[in-house]
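K.L.:
Sequence plus the predicted model coming up.
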Amino acid sequence: MQLKLTKPICFFDLETTGTNVAKDRIVEISILKIHPNGNKESKTWLVNPEMPIPPEVVAVHGISNEKVANEPTFKDLSREIYTMIKDSDLAGYNSDRFDIPLLVEEMLRVGVDFDMKNMVSVDVQTIFHKMEQRTLQAAYKFYCDKDLDNAHSAEADTVATYEVLLSQLERYPELENNIKKLSEFTTRKQSLDFAGFIGLNEEEEPIFAFGKHKGKTVDEVMEQEPGYFGWILNADFPLYTKKVLTQIKLSKLNNKLS
């Protein structure tokens, strides 16, 4: 079984300082890039997060503050990582809800204008949960009949995720071996930002999906309460959410001027 690809796809996994997309940082990233001709390349980096790694997190992935103290920062690595993934689609395990949003935050934080408008993503966990309801270790055992050694090692988790997807395609004939179709299957809900703060209504208009203006269109809120936009920009929202809102505002402004 091989993936049918029209462009490369990068399977990746992050180990981090925690689970807060807006505040936490990457301590390890592993990428497995699959090319349409079947060639593979992989790279794993340890990253100095420039913040303490809590003991309870170290207990999970085993990456201590001492281990990353002399490693490059994400800013140092960002161009190399971006070069590896910029021409590719993305895939991971729980990646739509965590790994991709956090990676984008890290990119934007160091000035890399990362945008997924020319990419799709496949979340292997979503396929698994829709089909079987399990964890990655159980998925690996169930689909590949292997034990996942070194769980919570970014490299081991990345390779396991890739192998699980191949096995899922073999097991479920109703799953099409097509990255765009797999992306559509693994998308939980339609939103313009990764965190799910900005959604779309039935008319395909951007709407707020949280707070006092939940369900209202962004245009409506910006006209009725202009200060709300400024409040979001200055509050503790993910950088990508702020970027999306800014793009919506600029697009409306350009339409008025044209």
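P.N.:
Happy to help now that I have it. Small disclaimer: the values here were computed from a predicted structure and weren't measured. Numbering: from 1, shown residues only.
K.L.:
switch to C-alpha atoms for all contacts and neighbour counts from now on
P.N.:
Noted.
K.L.:
Pairing partners for the helix or strand containing Cys10, with directions?
P.N.:
Taking DSSP states H and E as the definition, one finds Cys10 inside strand 9-16. Next to strand 9-16 in the sheet, as set by DSSP bridges, lie strand 26-34 (antiparallel), strand 89-92 (parallel).
K.L.:
for the record, mean pLDDT for stretch 86-105?
P.N.:
What stretch 86-105 shows for mean pLDDT is 95.
K.L.:
Buried ones in that stretch, by neighbour count?
P.N.:
Going by neighbour count (16 or more other C-alpha atoms under 10 Å), the buried part of stretch 86-105 is 86, 88-105.
K.L.:
gap between it and the chain center?
P.N.:
Centroid displacement of stretch 86-105 relative to its chain, using C-alpha atoms, centre = their mean, to the nearest Å, is 2 Å.
K.L.:
ok, now stretch 207-214?
P.N.:
Between the centre of stretch 207-214 and the centre of its chain there are 23 Å (C-alpha atoms, centre = their mean).
K.L.:
tally of neighbours for Gly211?
P.N.:
Applying other C-alpha atoms under 10 Å, we find 8 residues neighbouring Gly211.
K.L.:
29 is where my numbering starts, stick with that
P.N.:
With 29 as the first residue, the last one maps to Gly239.
K.L.:
Spit out the contact partners of it.
P.N.:
Contacts for Gly239 (C-alpha atoms under 8 Å, 6 or more residues apart in numbering) come out as none.
K.L.:
Look at it and report its pLDDT.
P.N.:
Model confidence at Gly239, expressed as pLDDT, equals 91.
K.L.:
got it, and the one 10 residues further on?
P.N.:
Per-residue pLDDT puts Val249 at 94.
K.L.:
before we move on, back to that, make TSV from the strands paired with strand 37-44 and add distance to Val96 to it.
P.N.:
Formatted as TSV, those follow (distance: least, C-alpha to C-alpha, whole Å):
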stretch	distance to Val96
strand 54-62	7
strand 117-120	23
